[in-house]
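# Only the shape, not the letters, is given here:
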């Protein structure tokens, strides 16, 4: 295990390291999903723009940022093997600062979530509990290649979508909204499995049974691709049933493009997984917004 000597010399982290700890690049999926929820609700966003803005900030920088800080604190020994340059194992976030940042952001998440009303606050509580259940002992669902990616997919895609729709609707979203949000959350399990490819060695040494560790990269990649593709296929079928053929066609085209990218990735999963996360996932989230527009009137009538 390699940990920088800076751990013993730096006493206060610099702002750049604290920003790196909460990983701004990871904020996009929940922010995007929240916006999908708003669109799918069929309510004009400008009619409640403070709730829209607050929800986007809560979903991305605050709750997602908190989850990243919590995960890095709980994973500091794993990261010392996989990525020793990260803020905590490198010593740029010294002592217990990582834990402190995660706890302060947990309180901030709950305080902001309270402003979104009962549905928004309930979803925030679920998201906060999910973040800690994923990373922290004794639960640490991250150890499971099934439950870990499933929980992250739900909290990154399904929960923010549901929350955006519920906050704008001031009540429970219509059934089509819930179904489509759940399907995209299930598909995100595959995305999160591909994200585990970068940590295979550290996961293996520390007992984390991710799918790439348990099944091997090739089989895990095939499982991930299947899990990503099947829910999108169901979305296409549902949109056809609900009378949205052009939206269904657009998502089908995006799915075909993803399948082409999957074929490239499957030739060398360990090397190509990061490439797929930068290309295929972009197509996936584009389909999410198309689906959100497709079910606006369906959800409003439901």
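It's in. Here the structure is a predicted model, which is why all the values come from computation and not from measurement.

# mind checking which helix or strand the closest residue to residue 163 other than its chain neighbours is in?
Spatial nearest neighbour of residue 163, chain neighbours left out: residue 123 (4.0 Å); criterion: C-beta to C-beta, 6 or more residues apart in numbering. Where C-beta positions appear, they are placed from N, C-alpha and C, glycine not excepted. Residue 123 is part of helix 117-135 when elements are defined by DSSP states H and E.

# Now the helix or strand following that helix: buried residues?
Per DSSP H and E, the first helix or strand lying C-terminal to helix 117-135 is helix 147-153. Judged by neighbour count (16 or more other C-beta atoms under 10 Å), helix 147-153 contains these buried residues: 148, 149, 150, 151, 152, 153.

# per-residue confidence for the first one?
Pointing back at residue 148 there. For residue 148, the model assigns a pLDDT of 92.

# quick one: the helices in the stretch 201-302 of the chain?
211-215, 217-241, 245-266, 269-294, 296-301 (DSSP state H, counting those that start in this stretch).

# can you put those in a markdown table and add mean pLDDT and mean neighbour count?
Converted to a markdown table, the helices of the stretch 201-302 of the chain look like this (pLDDT from 0 to 100; neighbours: other C-beta atoms under 10 Å):
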| stretch | mean pLDDT | mean neighbour count |
| --- | --- | --- |
| helix 211-215 | 90 | 21 |
| helix 217-241 | 96 | 19 |
| helix 245-266 | 97 | 17 |
| helix 269-294 | 93 | 19 |
| helix 296-301 | 62 | 17 |
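
# could you say what helices and strands the helix holding residue 123 packs with?
helix 65-74, helix 97-114, helix 147-153, helix 159-169 (3 or more C-beta pairs under 8 Å, 6 or more residues apart in numbering; DSSP states H and E).

# Just say which of those helices is most tucked in.
helix 159-169 (a mean of 28; mean count of other C-beta atoms under 10 Å).

# related to what we said a few turns ago, name the residues that touch the helix holding residue 123?
By C-beta atoms under 8 Å, 6 or more residues apart in numbering, the surrounding residues in contact with helix 117-135 are 51, 55, 58, 63, 66-67, 70-71, 73-75, 106, 109-110, 112-114, 116, 139-142, 148, 151-152, 154-155, 159-160, 162-163, 166-167, 170-172.

# and that helix, which residues are buried?
Neighbour-count burial for helix 117-135 [16+ other C-beta under 10 Å]: 119-121, 123-124, 126-128, 130-135.

# The residue lying closest to residue 210 once chain neighbours are set aside: neighbour count?
Excluding the flanking residues, the one nearest residue 210 by C-beta to C-beta, 6+ apart is residue 196, at 4.1 Å. By other C-beta atoms under 10 Å, 22 other residues sit near residue 196.

# roughly how far apart are residue 196 and residue 64?
Residue 196 sits at a distance of 18 Å from residue 64 (criterion: C-beta to C-beta, to the nearest Å).

# and if you look at residue 243?
Taken as C-beta to C-beta, the span from residue 243 to residue 64 is 35 Å.

# now residue 247
28 Å.

# How about residue 161?
With C-beta to C-beta as the criterion, residue 161 and residue 64 are 14 Å apart.

# Tell me who's in contact with the residue nearest the centre of the chain.
Nearest residue to the geometric centre of the chain (C-alpha atoms, centre = their mean): residue 156, 2.9 Å. With contacts defined as C-beta under 8 Å, 6+ apart, the neighbours of residue 156 are 29, 30, 33, 64, 185, 188, 192.

# Recalculate using a threshold of 7 Å.
29, 30, 33, 188 (C-beta atoms under 7 Å, 6 or more residues apart in numbering).

# what helices or strands is the helix or strand containing the second one leaning on?
When secondary structure is defined using DSSP H and E, the element that contains residue 30 is helix 28-40. Taking 3 or more C-beta pairs under 7 Å, 6 or more residues apart in numbering; DSSP states H and E as the contact definition, the neighbouring helices and strands of helix 28-40 are helix 49-57, helix 159-169, helix 269-294, helix 296-301.

# ok and it relative to helix 117-135, angle-wise?
150 degrees (axes from the mean of the first three to the mean of the last three C-alpha atoms, to 10 degrees).

# May I see the buried residues of helix 28-40?
Those would be 29, 30, 31, 32, 33, 34, 35, 36, 37, 38, 39, 40, for helix 28-40 by 16+ other C-beta under 10 Å.
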